[in-house]
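In: Need the 3D shape of this:
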Amino acid sequence: MNFTREQDELRSAVRAVLTRHEDAAAWGPLTEAVGAAGLGVPEEYGGYGGGTVETYVVMEELGAALSPVPYLASTVLATQALLASGNAQACAELLPELADGTAVGALAWAENGSWEPEAMHARVRAGRLTGVKEHVLTGPGRPDTLLVLAQGDDGLALYQVRDTQCEFTPLPTMDQTRPQARVTFDGTQDAELIAADGERILSRVRDLACTALAAEQTGAATRALADTIQYAKDRVQFGRPIGSFQAVKHRIADLHVQLEAARSLALAAAHSNAASHLAAAAKAACSQAYTHIAGEMIQLHGGIGITWEHEAHRHLKRAHSGRHLFGTPSAHRQRLADRLGLTSVA
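Out: So this is what the prediction gives:
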């Protein structure tokens, strides 16, 4: 599972942009200079015709930088939902602006704290949408393109909502670098049908989202562990670096083994074009690895690990927030068990 020369160059370009530009200011250079938003979009819709491996490369670098740019929300969720719909007219209309980054998209999906299709009760009747969507990943403001998975006359379907009068409520989040919102539809919004087979679209988008998030978690966990190792080399206690103590070395070695196992699954999922069973396995493993590493980062950094100025608390918040996005590790282990014909998994 090696990367091509072009993918290595993509990584270098993304890393260079994230080094020069902090926070949301990186979105412009990433989309204009690197073309990151269009990597997974076919050339006919203004993109570059890349795939899940290119998305993996970008997401891993975004994770390492703890970047707040709306790549997951717009480029993965909204863009891939449109592509999965198979609606050529909608793709031709909406994808060019998403691909060049001039528009930011969002996919309203979860309800009642759940990412499962059976929890979705928002409904469209006579073109009018009623319901409440939670955990909607967004950019810094209201999305330019809002897609919604809701129950239609024949079951779950994908809609575009053009009416800007829906109630859009930004939510306080543990991870302040990943904005979320609650969107309330009161039946006055016009909902345009994009595709009727919503369950198929949701299944595909969820696999792609889990694969992308696993890449991000891998990148973030790698940075967190590297920073922790450097601190263990630099911090002197009792006349010697704390990293020379056997107890510390063993803890760091265990973290390294867990990270590499998770990275292998994340890479496998990306190289398989987000195969469902690998996406589920990668999401579970990478969520657990990053949560463990972020917690140990706090501990091994001692008192400074809980100060606002240090990055350790940001890793902990990103890890715990990402652990619940698109389903918990236990939910994805159960998905994997169901696929393999097992009754349950621990």
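In: in the chain, which segments are predicted with low confidence?
Out: 163, 344-346 (pLDDT under 70).
In: chain center to the longest helix seen in it, what's the gap?
Out: Of all segments of type helix in the chain, defined using DSSP state H, the longest is helix 198-234. From the chain centre to the centre of helix 198-234 is a distance of 8 Å (CA atoms, centre = their mean, to the nearest Å).
In: which helices and strands does it pack with?
Out: helix 52-64, helix 79-85, strand 145-152, strand 155-161, strand 240-241, helix 246-271, helix 276-300, helix 312-324 (3 or more CB pairs under 8 Å, 6 or more residues apart in numbering; DSSP states H and E). All C-beta spots, glycine's among them, are computed from the backbone N, C-alpha and C.
In: got a list of what Gln189 touches?
Out: By CB atoms under 8 Å, 6 or more residues apart in numbering, Gln189 lies in contact with Arg128, Leu129, Val161, Asp163, Gln165, Cys166.
In: Let me have the helices and strands packed on helix 198-234 in a markdown table, adding distance to Glu44 as columns.
Out: As requested, these are exported to a markdown table (distance: least, CB to CB, whole Å):
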| stretch | distance to Glu44 |
| --- | --- |
| helix 52-64 | 17 |
| helix 79-85 | 11 |
| strand 145-152 | 18 |
| strand 155-161 | 20 |
| strand 240-241 | 56 |
| helix 246-271 | 23 |
| helix 276-300 | 26 |
| helix 312-324 | 33 |
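In: Can you redo these as JSON lines, where the extra columns are mean neighbour count and distance to Met120?
Out: Below are those laid out as JSON lines (neighbours: other CB atoms under 10 Å; distance: least, CB to CB, whole Å):
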{"stretch": "helix 52-64", "mean neighbour count": "25", "distance to Met120": "25"}
{"stretch": "helix 79-85", "mean neighbour count": "25", "distance to Met120": "14"}
{"stretch": "strand 145-152", "mean neighbour count": "23", "distance to Met120": "6"}
{"stretch": "strand 155-161", "mean neighbour count": "21", "distance to Met120": "6"}
{"stretch": "strand 240-241", "mean neighbour count": "12", "distance to Met120": "53"}
{"stretch": "helix 246-271", "mean neighbour count": "18", "distance to Met120": "25"}
{"stretch": "helix 276-300", "mean neighbour count": "24", "distance to Met120": "19"}
{"stretch": "helix 312-324", "mean neighbour count": "21", "distance to Met120": "17"}
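In: With adjacent residues omitted, what lies nearest to Gln180?
Out: Leu171 (4.9 Å; CB to CB, 6 or more residues apart in numbering).
In: how much space is there between the one you found and Thr19?
Out: Distance of Leu171 to Thr19, given as CB to CB, to the nearest Å: 30 Å.
In: Which residue ranges of the stretch 1-150 of the chain form strands?
Out: For the stretch 1-150 of the chain, applying DSSP state E, counting those that start in this stretch gives strands covering 105-108, 123-125, 128-137, 145-152.
In: Let me have those strands in TSV, extended by distance to Gln230.
Out: Conversion of the strands of the stretch 1-150 of the chain to TSV gives the following (distance: least, CB to CB, whole Å):
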stretch	distance to Gln230
strand 105-108	37
strand 123-125	53
strand 128-137	32
strand 145-152	42
